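Novice: no letters, just coordinates:
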């Protein structure tokens, strides 16, 4: 009977070891996120990662006054901003479109996205993401 326990403990140790190695392998894989994929697509399309290009950020807001407040703060931070009514949305009927020339790197984009997410949430809005034009397109 004691051999049965030894084999069970050995089997459990092997299972735990295998799980540990699989988790470790997954942690070592690079993070594959939407920002990095879009930046890579733009670079393959000819964008120079060292030259700033206009990056368009979008924030949906619940009221005109909230949108104007976010727009004012973004203009103070160096963005070109326009505010528009969006008839398709009842929850967030105002859109703030903010443009800023930036180099295409994931850390910079994530930093601005985090900032916009916080600004939007503080006013009851929602950050809707970003995009940038392909070089030569337009």
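Specialist: Alright, I've got the coordinates. Everything numeric here is computed off the predicted structure, so don't read it as measured data.

Novice: helices along this structure, start to end?
Specialist: 2-28, 34-44, 64-76, 106-122 (DSSP state H).

Novice: export these to JSON lines and tack on mean pLDDT?
Specialist: As requested, the helices of the chain are exported to JSON lines (pLDDT from 0 to 100):
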{"stretch": "helix 2-28", "mean pLDDT": "80"}
{"stretch": "helix 34-44", "mean pLDDT": "85"}
{"stretch": "helix 64-76", "mean pLDDT": "95"}
{"stretch": "helix 106-122", "mean pLDDT": "92"}
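
Novice: can you tell me how far residue 100 is from residue 116?
Specialist: 10 Å (C-beta to C-beta, to the nearest Å). (Each C-beta comes from the backbone N, C-alpha and C, glycine too.)

Novice: typo on my end, residue 129
Specialist: 9 Å.

Novice: what touches both of these two?
Specialist: Shared contacts of residue 129 and residue 116, defined by C-beta atoms under 8 Å, 6 or more residues apart in numbering, comprise residue 57.

Novice: perfect, I'm done here.
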